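> How does the following fold in three dimensions:
(chains A and B, ligands or ions: 1)
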Amino acid sequence: MSDSTRTIKVAALSRVEGEGGMSVRLNGSEVEQVELRIFEPPRFFEAFLRGRSPHEVPDIVARICGICPVAYQMSAVHALERIVGVTITPEIRRLRRLLYCGEWIESHGLHMHLLHAPDFLGCESGLQVAERWPDEIRRGLKLKKYGNELLEVLGGRAIHPINVAVGGFHRMPRRDEFAKLIPSFEWGVEAAIAATRWVATFNFPDFEEDYDFVSVSHPDEYPLNEGHIVSSTGGTWTADEYESEFEEVHVPHSTALQAVRR
Amino acid sequence: MAAKPRLAVFKFASCDGCQLTMLDCEDELLALGELLDIVHFLEASDRAEPGPYDVTLVEGSITTPDDAERIRHIRQQSRYLVTIGACATSGGIQALRNWADHEDFLKAVYASPQYIQSLATSTAIAEHVPVDFELRGCPIDKRQLLDVVQSLLHGRKPHTPSHSVCLDCKRRGTVCVMVAQGIPCLGPVTQSGCGALCPAYDRGCYGCFGPSVQPNLVSLTTQFHATGMATPDIVRGLRLFNAYAPEFRHESERLAGDRARECDAPTAIAEEVQS
Ligand code: SF4
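This is a model prediction of the structure:
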């Protein structure tokens, strides 16, 4: 190691889900290596799911993450439905999408206002942002709350919904339960646009890298629940092709596996 | 004005859901920030001040040697320590390893198990350090959390109801899913807290809030058998988010005829008492 090499270590990252740290090795002002150390203790979901009944899976996998339980519940029910050959009705499909939207609204409200805005505005927390931008944070919290209310109507509760089942829902929501939400969401459409405009005023660093971005893509809608896997460098795959195209690698400094292209 | 009480939140093996419950108090969050000095809460703030803390909320279970040490340090720094959620109060879903082959679990998930530091058990915080109050649930309930925090702010001893979910169904006017539909339900032996949610959604309770006071598990599982449920299904039903809570654990072991491992951490309270 030459004299000009130094390492910046962040012991624990804040305002992220889960536990991790980071180290950056610099040579002069050049970044040589960046390591994201996830020290979140392993909980072994892949191991203890073996031998469970399919009916228990949506409840169990929710507990992988309290911030995005619906994401796990949806992947699980889709996988199990394919295995047992169940086709869901268009109504179930739309209700699932709605449930997922509730989670996105809640989660985006949380991330934008409480987790990320502080970084752009030089504050330690969302509470501190609220001292200078009270209306913006109040609006964000309200958006987040309405996302949670949608989750509650369809899922029973916001964190670890209890209503998701293989094949559909345990109980269908009633029309009047939804009707109550309409005024909130009419306000929410405008509020979401205003929140986006506020975030657009943040000072984003001018940083471009040669990334390979991978996501799900759907021809007709914003892809939440289904579609193809696509890459920004070209390439389209079905979910079945995931394992032949991607590999999950285990590195010494992280308890989270890293998914990379094969 | 007296200094605001210093609040800290710490995470162990968990899903973040119980901490998130605090941030889900959208209507109360800003007011809480006025009443309390939140000095350590990594999920919400860069502030990570050392102790002492007046109130410490602990999420998650003890599953690594480092965490078994870390909780002792946190305890020393905390005047009032509250554990939040099933992971912290009973070991959580990750306590299923307590009945399994830990090596096999490691290999099932990791290509290089030698990189992983993990105990063969997942145990409640109270198995490691004295705990002042345990708040149940997977996840905890927002109203109960606010109630506990408010009690502590006013110097009152926190209290949460310990009756069973059954009573809440009656209050809510939900027709019993077990009697009317023959759906197996843990409501008779599970502590109140969720508002009797699952039966209101036409399904049986699956025990998020852990055992209620003096639950009669033998009677309930006998009834499950009588309705045609097979023993392995009953055992799996008890082995979910509060699997290692003593009452659920003993009944599932009585039925399955197996035994879970005792706490694997060298610093656990039980071992200190023995030696
Ligand atoms: S008790 Fe349940 S909700 Fe709370 S941290 Fe553990 S898994 Fe998450």
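> Which residues are in contact with the closest residue to chain B within the stretch 101-250 of chain A?
Nearest residue of the stretch 101-250 of chain A to chain B: A:Ser125, at 3.5 Å (CB to the nearest CB). For glycine as for every other residue, the C-beta is placed from the backbone atoms N, C-alpha and C. Counting by CB atoms under 8 Å, 6 or more residues apart in numbering or on different chains, A:Ser125 makes contact with A:15, A:114, A:118, B:38, B:41, B:44-47.
> a markdown table for these, including secondary structure, pLDDT and neighbour count?
Listed next are the contacts of A:Ser125 as a markdown table, based on DSSP: H, G, I helix; E, B strand; the rest coil; pLDDT from 0 to 100; neighbours: other CB atoms under 10 Å in any protein chain shown:
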| residue | secondary structure | pLDDT | neighbour count |
| --- | --- | --- | --- |
| A:Arg15 | coil | 94 | 20 |
| A:Leu114 | helix | 97 | 24 |
| A:Pro118 | helix | 97 | 21 |
| B:Ile38 | strand | 95 | 21 |
| B:Phe41 | strand | 95 | 23 |
| B:Ala44 | coil | 94 | 25 |
| B:Ser45 | strand | 94 | 23 |
| B:Asp46 | coil | 93 | 15 |
| B:Arg47 | coil | 92 | 17 |
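> Among the residues you listed, pick out the one closest to B:Glu26, please.
Distance to B:Glu26 across the contacts of A:Ser125 (CB to CB) is lowest for A:Leu114, with 10.1 Å.
> For the spatially closest residue to the closest one that is not a sequence neighbour, give me the pLDDT.
Leaving out its chain neighbours, the residue that sits closest to A:Leu114 by CB to CB, 6 or more residues apart in numbering or on different chains is A:Gly126, at 3.5 Å. pLDDT for A:Gly126: 96.
> Contact partners for the residue lying closest to A:Gly156 once chain neighbours are set aside?
Excluding the flanking residues, the one nearest A:Gly156 by CB to CB, 6+ apart is A:Ile162, at 4.2 Å. Residues near A:Ile162 by CB under 8 Å, 6+ apart: A:59, A:155-156, A:170, B:197-198, B:201, B:203, B:206.
> So which of the residues you listed is the closest to the ligand?
A:Asp59 (10.8 Å; CB to the nearest ligand atom).
> So the closest one: helix, strand or coil?
Of the three states, A:Asp59 takes helix under DSSP: H, G, I helix; E, B strand; the rest coil.
> got the contact list for it?
The neighbourhood of A:Asp59, defined by CB under 8 Å, 6+ apart, consists of A:160, A:162, B:206, B:240.
> Also B:Ile74?
So B:Ile74 contacts B:8, B:10, B:51, B:56, B:58, B:81, B:129 (CB under 8 Å, 6+ apart).
> next one: A:Glu248
Contacts of A:Glu248 (CB under 8 Å, 6+ apart): A:257-260.
> Which ones among those lie within strands?
A:258-260 (DSSP state E).
> want to throw those into a markdown table with pLDDT and distance to A:Ser217?
Listed next are the ones in strands among the contacts of A:Glu248 as a markdown table, based on pLDDT from 0 to 100; distance: CB to CB, whole Å:
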| residue | pLDDT | distance to A:Ser217 |
| --- | --- | --- |
| A:Gln258 | 92 | 22 |
| A:Ala259 | 91 | 17 |
| A:Val260 | 90 | 20 |
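> what's the closest of the residues you listed to B:Cys185?
A:Ala259 (39.4 Å).
> contacting residues around that closest one?
A:Ala259 neighbours (CB under 8 Å, 6+ apart): A:246-249.
> sorry, back to before: got phi/psi on the residue of the stretch 101-250 of chain A closest to chain B?
With angles defined as degrees, to the nearest 10, A:Ser125 sits at phi -160, psi 170.
> got any ranges where chain B has weak pLDDT?
Within chain B, the stretches with pLDDT under 70 are B:1, B:267, B:269-275.
> Flag every residue of it that's near the ligand.
B:14-15, B:17-18, B:59, B:85-87, B:92, B:138-139, B:241 (CB under 6 Å from any ligand atom).
> hang on, the earlier thing: for the contacts of A:Glu248, pick the one with the most neighbours.
A:Leu257 (16 neighbours; other CB atoms under 10 Å in any protein chain shown).
> That one contacts A:Glu247, doesn't it?
No: using CB atoms under 8 Å, A:Leu257 makes no contact with A:Glu247, being 9.3 Å away.
> picking up where we left off before, could you identify the buried members of the contacts of B:Ile74?
Among the contacts of B:Ile74, the ones that count as buried by 16 or more other CB atoms under 10 Å in any protein chain shown are B:8, B:10, B:51, B:56, B:58, B:81, B:129.
> Out of those residues, name the ones that lie in strands.
B:8, B:10, B:56, B:58, B:81.
> what ranges do the strands span in the chain?
I'll assume chain A. A:5-10, A:20-27, A:30-38, A:164-165, A:168-169, A:214-217, A:228-231, A:236-237, A:246-249, A:258-261.
> nope, chain B
Under DSSP E, chain B gives strands at B:6-11, B:37-41, B:53-59, B:78-84, B:133-135.
> out of the ones you listed, which comes closest to A:Arg174?
Closest among these, using CB to CB: strand B:133-135, at 31.6 Å.
> next one: that closest one to chain centre, how far?
9 Å (CA atoms, centre = their mean, to the nearest Å).
> Direction included, what does that strand pair up with?
strand B:78-84 (parallel) (DSSP bridges).
> buried stuff in stretch A:225-235?
Buried-residue list, stretch A:225-235, by 16+ other CB under 10 Å: A:225, A:227-230.
> ok, so of those residues, who is nearest the ligand?
A:Asn225 (23.2 Å).
> ok, that closest one - contacts?
Applying CB under 8 Å, 6+ apart to A:Asn225 gives the contacts A:74, A:78, A:93, A:96-97, A:100.
> quick revisit: for the contacts of A:Ile162, which single residue is the most surrounded?
B:Cys198 (29 neighbours).
> So it versus B:Glu59, what's the distance?
The gap separating B:Cys198 from B:Glu59 is 23 Å, by CB to CB, to the nearest Å.
> Could you do B:Leu106 as well?
24 Å.
> cool, A:Tyr100 as well?
25 Å.
> Give me the more crowded residue out of these two.
B:Glu59 (30 against 20).
> Look up how far chain A lies from that one.
To chain A, B:Glu59 is 9 Å away according to CB to the nearest CB, to the nearest Å.
> my read: that residue touches B:Leu20, true?
No: counting by CB under 8 Å, B:Glu59 does not reach B:Leu20; the two are 9.4 Å apart.
> Any idea which residue of chain A lies closest to the ligand?
A:Arg63 (4.1 Å).
> What about that residue, how many residues nearby?
25.
> So for it, what's the pLDDT?
Looking at A:Arg63, the pLDDT reads 98.
> which residues sit in contact with it?
Counted by CB under 8 Å, 6+ apart, A:Arg63 has contacts A:69, A:160, B:15, B:17, B:92-93, B:138, B:241.
> Just the ones in helices from those, please.
A:69, B:17 (DSSP state H).
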